[in-house]
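In: Sequence first, then the predicted structure:
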Amino acid sequence: MVIKPIELLGGESVYCINQSQLQNAFRLATEDPDSSPKIQQELEALEGKLTRNERAALAFVMIDRLLKSSPAT
C-alpha cells in the first residue's frame, strides 16, 4: 500500500520568523558551547528516524507550542 505524502508547503502564512530570530537560532544551534552539542545531537537523531514531512510537522507543532507557552516554560 502506497501512502501519499501530506503536503506541508504552500498556502497562507501563519507564522512569521524574522531574520534576527533565524540568525539567533542558527547561532544557538551551531556556535553556543552548551546548546549546540545538544541541539545537533537531537537533530541527527530526528533526521535519522523521521521523514521530511514528519520533521516539518514536528517543527510547526513545536513553534505553535512555543508561541502558546510562557517564556519560562
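Out: Happy to help now that I have it. Numbering: from 1, shown residues only.
In: Against which helices or strands is the helix or strand where Arg55 lies packed?
Out: If you go by DSSP states H and E, Arg55 is part of helix 52-68. Applying 3 or more C-beta pairs under 8 Å, 6 or more residues apart in numbering; DSSP states H and E, one finds that helix 52-68 makes contact with helix 35-49. Every residue, glycine included, has its C-beta placed from N, CA and C.
In: And stretch 27-40, end to end?
Out: 12 Å (C-alpha to C-alpha, to the nearest Å).
In: Identify the residues contacting it?
Out: With contacts defined as C-beta atoms under 8 Å, 6 or more residues apart in numbering, stretch 27-40 is touched by Leu43.
In: again with stretch 52-67
Out: Taking C-beta under 8 Å, 6+ apart as the rule, stretch 52-67 contacts Pro5, Ile6, Leu8, Tyr15, Leu46, Glu47, Leu50.
In: Can you tell me which of these lies closest to Gln21?
Out: The closest of those to Gln21 turns out to be Tyr15 (C-beta to C-beta; 10.5 Å).
In: how many neighbours does the closest residue in space to the closest one that isn't next to it in sequence have?
Out: Closest residue to Tyr15 apart from its sequence neighbours, by C-beta to C-beta, 6 or more residues apart in numbering: Ile63 at 5.6 Å. If you count neighbours by other C-beta atoms under 10 Å, Ile63 ends up with 13.
In: How about Arg55?
Out: 15.
In: Same question for Ser13.
Out: Ser13: 5 neighbours (other C-beta under 10 Å).
In: How much space separates Pro37 from Thr30?
Out: 10 Å (C-beta to C-beta, to the nearest Å).
In: In three-state terms, how would Val14 be classified?
Out: Following DSSP: H, G, I helix; E, B strand; the rest coil, the label given to Val14 is coil.
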